[in-house]
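A.B. asks: Got a sequence here, can you build the structure:
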Amino acid sequence: MNIGIDIRALGNKKLTGIGKYIFYAINNLLELDKENKYFLFSAGFKKEPYFNLDFNKANVSHSHISIPNKLLNLNLLTGFGQNFYQKFFKDIDIFWMPNINFCNLPKDYPMILTVHDLSFLHSREFYSLKRRRWHKLVNVAKLVKSANKIIAVSENTKRDLIRFFPSAEDKIHIINPGVHSVPMNRERARELLSKFDLPEKFFIYLGTLEPRKNIASIIKAFDKYHHDYPDVHLVIVGKKGWVYNNLLEQIKLRPFIHYLDYVESPAKDALYFMSLGLIWPSFYEGFGFPPMEAIAYQIPVIVSYKTSLPETNKQQALYIDPYNVADIYQALKFLTEDEKLLKQLRDSAKTFKIPRWPVQAQTILNLFNSYKK
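C.D. replies: Below is the predicted model:
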């Protein structure tokens, strides 16, 4: 069977949650599957590096259109994009879109769509006008209708899909993303973090700087917390998303907050490993990688009780009301003073069932193989 995959999201040099999902899913699929053939589709001025995906495997073919994605999207939007796809889809049996993107599939091609979240419909107030326009032009309703099967990354995402697109219910399959982590010890972590000049004790936030992540509430809570515990700092890690200028101004005024921008693994993993805990009071998440990544290193997490986070983190987190700054402060205080609670969280993390990529990729592969003739 010939499987086409849209890998355009990997053209971004700074991979966030969706990019990581695509990268690790494809790498693990190619390790597991030696029978099916994979046709990977990308666009942009640069064909490489696409994050070291192995295009040299016998069952892998990479087709690249050397035009900017924005121009390709315009052609797809206006109906001319099928000309770009004609050659690529000549021998494709099924096409996987691992994220929502512009698409104009030839008629009657089976398509599997992964939906990570519907925050742009559920919580529109957290998006800039530019982002809202992008989602409108993509025409998510048409993509959902066209898809033969839909992968939802959580039960929460499935509920939102049914809420906004009731007719899609029967074709939704819940497959959690896998979580990737690298071996880490204190000596290696210190070496990896030496370039950042960080204090010995710190909590971290890791994720894109955008309103939905509720970073402003973390800063407010930490103002009070740092007053009580002046030797503990806050480290904010993540690329700039949108509506972030005010956040950066607030960070500059506080010497106890360190902004590191985007950090690659394994330095990112070292930050988890050395931190006192992860603060993650997001208003909306389809899955939420950072809390699961932190738990993989037996690091306690403070998360919102909203959307998918209770589903994915279960009893392994301290839950707070994201609209209540005092809740965040109290959770920080608990993790600082309650040694019994801290030990309990670290011990239970050792046996916490974290979804790992080889298993999750096999489930995706099973879905592909259901189309075998």
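
A.B. asks: in the stretch 201-350 of the chain, which spans are strands?
C.D. replies: 201-206, 232-237, 257-261, 278-280, 301-304, 318-320 (DSSP state E, counting those that start in this stretch).

A.B. asks: And the fourth one, what does it pack against?
C.D. replies: Secondary structure elements in contact with strand 278-280, counted by 3 or more CB pairs under 8 Å, 6 or more residues apart in numbering; DSSP states H and E, are strand 201-206, helix 289-296, strand 301-304. C-beta here means a position set from N, CA and C on the backbone, and glycine is covered the same way.

A.B. asks: for the longest one, packing partners?
C.D. replies: Packed against helix 289-296 by the contact rule (3+ CB pairs under 8 Å, 6+ apart) you find helix 267-274, strand 278-280, strand 301-304, helix 309-313.

A.B. asks: ok, 6 Å please
C.D. replies: Contacts defined by 3 or more CB pairs under 6 Å, 6 or more residues apart in numbering; DSSP states H and E place helix 289-296 against strand 278-280, strand 301-304.

A.B. asks: mind checking the SS state of F352?
C.D. replies: coil (DSSP: H, G, I helix; E, B strand; the rest coil).

A.B. asks: and it, what does it touch?
C.D. replies: Contact analysis of F352 by CB atoms under 6 Å, 6 or more residues apart in numbering lists I295, Q316.

A.B. asks: Tell me if I'm right that G19 and A9 touch.
C.D. replies: Yes. Contact criterion CB atoms under 6 Å: G19 and A9 qualify, at 5.2 Å.

A.B. asks: So which residues make contact with the lengthiest helix in the chain?
C.D. replies: Counting by DSSP state H, the longest helix found in the chain is helix 17-32. Here helix 17-32 makes contact (CB under 6 Å, 6+ apart) with 9-10, 12, 51, 57, 98-99, 116, 177, 180, 289, 357-358, 361-362, 365.

A.B. asks: State the mean pLDDT of the helix or strand following it.
C.D. replies: Using DSSP states H and E, the next helix or strand after helix 17-32 towards the C-terminus is strand 37-43. Averaged over strand 37-43, pLDDT sits at 90.

A.B. asks: next one: stretch 305-321
C.D. replies: The model assigns stretch 305-321 a mean pLDDT of 95.

A.B. asks: List the buried residues in that stretch.
C.D. replies: Neighbour counts over stretch 305-321 (16 or more other CB atoms under 10 Å) mark K306, T307, S308, L309, E311, T312, N313, Q316, A317, L318, Y319, I320 as buried.

A.B. asks: go on, stretch 354-363?
C.D. replies: For stretch 354-363, by 16+ other CB under 10 Å, it's P355, R356, W357, Q360, A361.

A.B. asks: May I see the helices and strands packed on strand 278-280 arranged in a markdown table, with distance to C103 and mean neighbour count as well?
C.D. replies: Formatted as a markdown table, the helices and strands packed on strand 278-280 follow (distance: least, CB to CB, whole Å; neighbours: other CB atoms under 10 Å):
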| stretch | distance to C103 | mean neighbour count |
| --- | --- | --- |
| strand 201-206 | 30 | 22 |
| helix 289-296 | 24 | 24 |
| strand 301-304 | 32 | 26 |
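
A.B. asks: how about D54, what does it touch?
C.D. replies: Going by CB under 6 Å, 6+ apart, the list of residues near D54 is empty.

A.B. asks: looking at this, it is in a strand?
C.D. replies: No. Assessed with three-state DSSP, D54 is coil; it does not lie in a strand.

A.B. asks: Tell me the pLDDT of it.
C.D. replies: Per the predicted model, pLDDT is 72 at D54.

A.B. asks: And for F222?
C.D. replies: So, for F222, pLDDT stands at 98.
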